[in-house]
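[1] what follows is a predicted structure for the sequence shown.
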Amino acid sequence: MNLQIALLLGQDGVTNGAIYALLALSILLVFTVTRILLIPQGEFVTYGALTMATIQAGEPTPLAWLLLALTVTECALDVLARYRAGRGLRVDRGMLGKLAWCAALVISVYHLPLASLPVAAQALLTLCLVVPLGPRLYRLFFQPIAGATPLVLLIVSIAVHVAMVGVGLLLFGPEGARTTPFSQAGLELGPVTLNSQTLWVLALSLVLIIALFLFFGRSLYGKALQATAVNRNGARLMGISPELAGKATFAMAAFIGCLSGILIAPITTLYFDSGFIISLKGFVGAIIGGLVSYPLAALGALAVGLVEAFSMFWASNYKEVIVFTLIIPFLLWRSLRSHHVEEDA
Amino acid sequence: MKKLLTAALLSGAAGIALSGAPAARAEVKIGVITSASGPIALVGIPQKNSVALMPKQIGDQPVRYITLDDGSDPTASVKAFKKLIDEEHVDAIIGPSGSPNAMGVIQFAAESGTPMLAPVGTAAVVLPMTEQKKWVFKTTQNDDLIAQALVENMVKRGVKTLGFIGTADPYGENWSKVIGALAEKNGIKVVANERFQRQDTSVTGQGLKILMARPDAVLVAAPGSSSVMPQTTLFDQGYKGQMYQTHGAALDQFLQLGGKKVEGTILAASLMLVLDETPDSHPSKAIAQHYIDAYKTAYGQTPATFGANVYDAGLLLEKAIPAAEQKAQPGTPAFRAALRDALENTHELAATQGVYNMSVEDHSGFDTRGRELITVKDGHWALLK
């Protein structure tokens, strides 16, 4: 091992670590606001990456139909709920907007010259397709049981994950996919050439983390979400809608996941079932942060990336073992240090 | 309702009377277990698709295929296997798709005396031959047959040191064993031996370790499109030696994902990739072409080799069933035993992957006609000359 190798491994570790950090933040965000451990977080990554690959191949992605189907179901349920509450059969403007959005997407994936669009437009289209999945999933699967215990929420979360992996196989097929890099240039840094995609990953992750920080620190919506995270009942009394909070966090989770997918798709081959293991590493990071602290979770995830990079150099056979064993000392340390507080029901 | 039932009974009786008791043939039932969903779906889907292309009538005997999906889960394979044996009373089973899945069901094949045709990669299902494995036949080339071709080429090119990277699963492990032994015999030193997972997002560390050992050539042993990433990583890191791949990489996806970075790769696989260049005298050419055309007509894409492995199992049965029929009626243990014997006596059967010659010791049955040295030239597969 010399300096150059250490630098190369470090670069690799930091790139993966940045992605894990984003996912860790997203898992943490969803958990604190809704008490749901978002197991399907990784599916947003693969859906993002594979949709991007389908678009670059110039094929219309069937994901648009899935989104349309989920939206129609959601609207139907909303209308039904309203009718039952005695407010009559009425379709409001929000629903029409959502349906129009999906219809526009279906039309655009079939009629735009997908393969020849600039990369930014392709990425934007991918985000438009994947991000609305987040709130739809929340509305359909979690909102009806929002008051359930975390264990029930976790089980539903696992079910959604398994279903999404299966749907992913149907939508994208069993083969792995890779997309073209955003740009070909590299940056010479001493003995190492930094891959341009690595720079993209680092820069965008940093921007996103700062944006999240500002959003929660400065904006009213951010503060409302944070309030929900601190105390759901209290926040509700202050007029913050838990439904809106849930949908908003799921939209953010889907956005972060999808963006991560678009970012790493050019540097690795992703399969329909790759998401779980990626988000699991983000989860290890979130655990290191005790599922409460954002900076600790980000640092933890970065550490996971670095440990992973160096362990694949020294003992490639035991890489996953080493990475996931990391969680045990932290869990021990956490459980010894913390005083268990019962949440007020 | 009653009327219908009577009518059905009557016509059934009439059917039996017409065909005469001795000629009344029960249909042959063949169970197929594939992993058409789950992690190894890329292997299972072409296999499931190939079932529809297999012979529906063998002689004057109708054949029924019962296809089950095990979701790539070995436990589910066992359940599906037992279901086929206990409830459907099948005469033979094709599958499962995965090596661990196949290893888990061998004992049940032996217990019930049902011949099993496994389209899996690992040679461990038929080697070393035991009392239980007597019931198993394997429709893929054994790793060592492919490895011999690769090592011969390495010797020819003067390769002295070899780097190896394989998946951390039975496929990679078995290749590591096979290539280690063969290389040593031929005076080639394996200087790096690394593992990775199919879902890994990066193999930088393994790549660097191989680079540091400075091997003359590197062999990647991974099934399906996971074989691409180690090679592109090494390319990006500036490795200039010769790259070798196993038959696991013999997919068009490999070319798509690898692009220019896999140019010049050498691999050994069945002739399916280079049919156009294969001489017409090759006994498998027409059959492989027929299979590819039929698959393309039905599904609009070229089949992966995995599908052809299942198709070959169908061809083996097509040959063996008439012989077994002379000894017993389908659906009886005697028929299954006769079928097993007939499969073991398969002689010079040309199929899509090569020519099968089974024997008591060799239940895979390939010879050198089952492999070609292939290279990537201008983004296409080409016969290595």
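    That came in fine, so what should we check first?
[2] what about the helices in the stretch 1-150 of chain B?
    Secondary structure of the stretch 1-150 of chain B (DSSP state H, counting those that start in this stretch): helices at B:2-19, B:41-51, B:74-86, B:99-112, B:143-156.
[3] can I get these in CSV with distance to residue A:183 and mean pLDDT?
    All C-beta spots, glycine's among them, are computed from the backbone N, C-alpha and C. Shown next, in CSV, are the helices of the stretch 1-150 of chain B (distance: least, Cβ to Cβ, whole Å; pLDDT from 0 to 100):
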stretch, distance to residue A:183, mean pLDDT
helix B:2-19, 71, 48
helix B:41-51, 31, 89
helix B:74-86, 44, 92
helix B:99-112, 41, 89
helix B:143-156, 37, 91
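[4] for these, which one sits closest to chain A?
    helix B:41-51 (3.6 Å; Cβ to the nearest Cβ).
[5] for that closest one, packing partners?
    If contacts are counted by 3 or more Cβ pairs under 8 Å, 6 or more residues apart in numbering or on different chains; DSSP states H and E, helix B:41-51 sits against strand B:28-34, strand B:61-69, helix B:285-299, helix B:305-325.
[6] give me the angle between it and helix B:305-325.
    Helix B:41-51 runs at 40 degrees relative to helix B:305-325, counting by axes from the mean of the first three to the mean of the last three Cα atoms, to 10 degrees.
[7] just the CA trace of helix B:41-51, in PDB.
    Extracted C-alpha coordinates of helix B:41-51, given in PDB (Å, rounded to 0.1, in the frame of the first residue of the first chain):
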ATOM      1  CA  ALA B  41     -33.900 -13.700 -12.900                       C
ATOM      2  CA  LEU B  42     -31.500 -12.900 -15.800                       C
ATOM      3  CA  VAL B  43     -30.800 -16.600 -15.900                       C
ATOM      4  CA  GLY B  44     -34.300 -17.800 -15.200                       C
ATOM      5  CA  ILE B  45     -36.300 -15.700 -17.600                       C
ATOM      6  CA  PRO B  46     -34.800 -17.000 -20.900                       C
ATOM      7  CA  GLN B  47     -35.100 -20.500 -19.400                       C
ATOM      8  CA  LYS B  48     -38.700 -20.000 -18.700                       C
ATOM      9  CA  ASN B  49     -39.300 -18.600 -22.200                       C
ATOM     10  CA  SER B  50     -37.500 -21.500 -23.800                       C
ATOM     11  CA  VAL B  51     -40.000 -24.000 -22.400                       C
END
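[8] what's the angle from that helix to helix B:285-299?
    Put simply, helix B:41-51 runs at 100 degrees to helix B:285-299, going by the same axes, to 10 degrees.
[9] and the contacts of helix B:41-51?
    With contact meaning Cβ atoms under 8 Å, 6 or more residues apart in numbering or on different chains, helix B:41-51 is reached by A:169, A:173-175, A:272, B:32, B:34-38, B:65, B:67, B:69, B:72, B:94-95, B:97-98, B:119, B:223-225, B:291, B:295, B:298-299, B:303-304, B:306-311, B:314.
[10] how far away is residue A:155 from residue B:330?
    46 Å (Cβ to Cβ, to the nearest Å).
[11] in terms of neighbours, single out the busier of the two.
    residue B:330 (22 against 13; other Cβ atoms under 10 Å in any protein chain shown).
[12] which residues touch the more buried one?
    Residue B:330 touches B:25, B:26, B:27, B:28, B:29, B:61, B:91, counting by Cβ under 8 Å, 6+ apart.
[13] which of the three states applies to it?
    Following DSSP: H, G, I helix; E, B strand; the rest coil, residue B:330 is assigned to coil.
[14] which parts of chain B sit against chain A?
    Contacts of chain B with chain A, taken as Cβ under 8 Å from any Cβ of the partner chain, map to B:37-42, B:44-45, B:168, B:194-206, B:208-209, B:212, B:224-226, B:228-229, B:236-237, B:253, B:257.
[15] which of the residues you listed fall in helices?
    Secondary structure from DSSP state H places B:41-42, B:44-45, B:204-206, B:208-209, B:212, B:228-229, B:236, B:253, B:257 of these in helices.
[16] are any of these buried, and if so which?
    Restricting those to buried positions leaves B:41-42, B:44-45, B:204-206, B:208-209, B:228-229, B:253, B:257, with burial counted as 16 or more other Cβ atoms under 10 Å in any protein chain shown.
[17] what's the helix or strand hosting residue B:338 packed up against?
    For residue B:338, the host element (DSSP states H and E) is helix B:333-344. If you count contacts as 3+ Cβ pairs under 8 Å, 6+ apart, helix B:333-344 packs onto helix B:305-325.
[18] which single residue of the stretch 151-300 of chain A ends up nearest chain B?
    Closest point on the stretch 151-300 of chain A to chain B, by Cβ to the nearest Cβ, is residue A:174, at 3.6 Å.
[19] burial of the nearest residue to residue B:314 once chain neighbours are set aside, as a residue count?
    Of all residues not flanking residue B:314 in the chain, residue B:54 sits nearest, at 3.4 Å (Cβ to Cβ, 6 or more residues apart in numbering or on different chains). Other residues within reach of residue B:54, judged by other Cβ under 10 Å, total 22.
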